[in-house]
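In: based on what follows, work out the 3D shape:
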Amino acid sequence: MSRTMMLQSLTAHRHGPACYHPSVTLSDTTPEAQSIQLRILRSMSGEQRMLLAWDMSLFARDLARAGIRDAHPEWTDAEVARELLRLAFLPEPLPTGLP
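Out: Reported below is the predicted structural model:
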């Protein structure tokens, strides 16, 4: 999948929740790698896990921001920030004419 396609899929507007069969586990991680990852996470302190979660959150936000910029290169920083907030918190596009 190209970078642009990945960014578009991350920032695409969804019409309802994703539908996955509950008994299907989606993973591209081998059981051995998953075991190592779990062992590492269990060895981390609560503070380390919180910092890791924070870093992952910032990365996801940066990735979404890049997708918005890719889709709308003419937008100002304020417009990009506004769209990022809308994607995070609102299910539908905002009405036109709002600041």
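In: and the next element down the chain from the helix or strand containing Ala33?
Out: Using DSSP states H and E, Ala33 sits in helix 31-43. For helix 31-43, the following helix or strand on the C-terminal side (DSSP H and E) is helix 46-71.
In: just the buried residues of that following helix, please?
Out: Buried residues in helix 46-71, defined by neighbour count with 16 or more other Cβ atoms under 10 Å: Ala64, Arg65, Ala66, Gly67, Ile68, Arg69. (Glycine included, C-beta is placed from N, CA and C.)
In: against Gln37, how distant is the residue of the chain positioned farthest from its centre?
Out: Taking Cα atoms, centre = their mean, the residue of the chain most remote from its mean C-alpha position is Gly97, at 27.5 Å. As defined by Cβ to Cβ, to the nearest Å, Gly97 lies at a distance of 48 Å from Gln37.
In: distance from the chain centre to the helix holding Ala33, please.
Out: The chain centroid and the centroid of helix 31-43 are separated by 22 Å under Cα atoms, centre = their mean, to the nearest Å.
In: residues making contact with it?
Out: With Cβ atoms under 8 Å, 6 or more residues apart in numbering as the test, helix 31-43 has contacts from Ser27, Thr29, Arg49.
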